[in-house]
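Novice: give me a model of this one.
(one chain, ligands or ions: 1)
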Amino acid sequence: TEYSAEINAFDTSNADELEQFRIRFLGTKGIIKDVFDQFKAVSPEEKRVLGKVLNEFKQLAEAKYSTLTDLISDTGLKTEDSGLDLTLPGEGFEVGARHPLALVRREIIEIFNKLGFSVAEGPEIEDDWHNFSALNFPEEHPARDMQDTFFIKKGGENGDIALRTHTSSVQVRMMEAGKPPFRALMPGRVYRNEAISARAHCFFHQVEGLYVDENVSFADLKQTLFYFVQELYGEGTKVRFRPSYFPFTEPSAEMDISCTICKGDGCQMCKYSGWVEILGCGMVDPNVLENCGIDSKKYSGFAFGMGIERIANLKFEIKDLRLFSENDVRFLKQYKTVI
Ligand code: PHE
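Specialist: Down below sits the predicted model:
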């Protein structure tokens, strides 16, 4: 009864005091443990009476402890010595965002995935053979010139070593390493020696596409790219093909789409023409197939290459290429978050 009165009178909003209470009554060396130990020694008749009393006593202590624990955590536990106040609002944390180029790359890959294209990658440091010679570039082609290409080392088994100027080098690596059919996308970073401005950079990103099989025609090329554009920019986006030249495709073309920003009435992006060029493409030149050990009588194919920055500019209306590589959080956090 003496203890019962003490328990009834006990009140605290202090966690340390409550802990003292728990140790005193409910702890492994506490009062309750002690009286229950003594209880074992009493006679059976006394047990019947005392048992009830002791159980009530134990329940009383437990109830008090749990009520006070609830109260303390409800009102916010403030322990004087730590100064910790759990009622304070939490500190916000920033969630990262995906880079717009990564978002666009993903989207491009997903569209072509539906057509059965897989993904392949190749090295950024390339030799002359994979970047130029195998791709049918003549010895004196201006693209080999110092002005465009960052050369790293002269000579070597496969010619000069340089930073790749386009992802077409991965086409060569893929065809050398395997057997047709090939149906793959090859995303990656490429380098060109250009002065950095809003419209040019010394590196940018491309996605290369390659499809080689028996009886692949220019009609397959057109339909594939037409489907791609409808998926990426929405149905009703128009495409047009202009004849062009690349050493590694014959015939070659450049593909324009109807300007997605001004919807045809003219803007800086399409230079008031209503059309924007988005990629280069063509039928893989038979010389390239042969250079990679593929029978050009049996197989044909198409290839295309697009700049991811250009595709992203048209999607997000980004006007300065430098934003992509400056890592300014004010720019980056406008895009889709990681979660
Ligand atoms: N490699 C070319 C470029 O960088 C693009 C291209 C790829 C053209 C494949 C045709 C076929 O401009």
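Novice: wait, is I32 part of a helix?
Specialist: Yes. Counting by DSSP: H, G, I helix; E, B strand; the rest coil, I32 falls inside a helix.
Novice: report the contact partners of it.
Specialist: Counting by C-beta atoms under 8 Å, 6 or more residues apart in numbering, I32 makes contact with F25, L26, F57, K58, A61. Glycine gets a C-beta too; all of them are placed from N, C-alpha and C.
Novice: can you tell me the distance between the two ends of stretch 87-102?
Specialist: Start to finish, the residues bounding stretch 87-102 are 40 Å apart (C-alpha to C-alpha, to the nearest Å).
Novice: which two among the contacts of I32 are spaced furthest apart?
Specialist: With C-beta to C-beta as the measure, no two of those lie farther apart than L26 and F57, at 11.3 Å.
Novice: so which of those two has more stuff around it?
Specialist: F57 (20 against 16; other C-beta atoms under 10 Å).
Novice: secondary structure element holding the more buried one?
Specialist: helix 44-74 (DSSP states H and E).
Novice: what of Q38?
Specialist: helix 31-39.
Novice: buried set for that helix?
Specialist: Residues I31, I32 are the ones in helix 31-39 that count as buried (16 or more other C-beta atoms under 10 Å).
Novice: got the CA positions of it in CSV?
Specialist: Taking Å, rounded to 0.1, in the frame of the first residue of the first chain, the C-alpha atoms of helix 31-39 are listed here in CSV:
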residue,chain,number,x,y,z
ILE,A,31,10.7,-3.8,-6.2
ILE,A,32,8.2,-5.8,-8.1
LYS,A,33,10.7,-8.5,-9.0
ASP,A,34,11.7,-8.5,-5.3
VAL,A,35,8.2,-9.0,-3.9
PHE,A,36,7.4,-11.7,-6.4
ASP,A,37,10.6,-13.5,-5.3
GLN,A,38,9.5,-13.3,-1.6
PHE,A,39,6.0,-14.4,-2.7
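Novice: any idea how far it is from the chain center?
Specialist: The gap between the average C-alpha position of helix 31-39 and the chain average comes to 63 Å, counting by C-alpha atoms, centre = their mean, to the nearest Å.
Novice: the residue of the stretch 51-200 of the chain found nearest the ligand: helix or strand, and which one exactly?
Specialist: Nearest residue of the stretch 51-200 of the chain to the ligand: H166, at 3.5 Å (C-beta to the nearest ligand atom). Counting by DSSP H and E, no helix or strand carries H166.
Novice: sketch out the strands for this structure, chain order is fine.
Specialist: 78-79, 84-85, 118-119, 125-127, 151-153, 161-163, 182-191, 203-213, 239-246, 249-258, 275-284, 300-307 (DSSP state E).
Novice: mind listing residues that contact the third one?
Specialist: The set of residues external to strand 118-119 that reach it, using C-beta under 8 Å, 6+ apart, is I109, R183, A184, L185, M186, P187.
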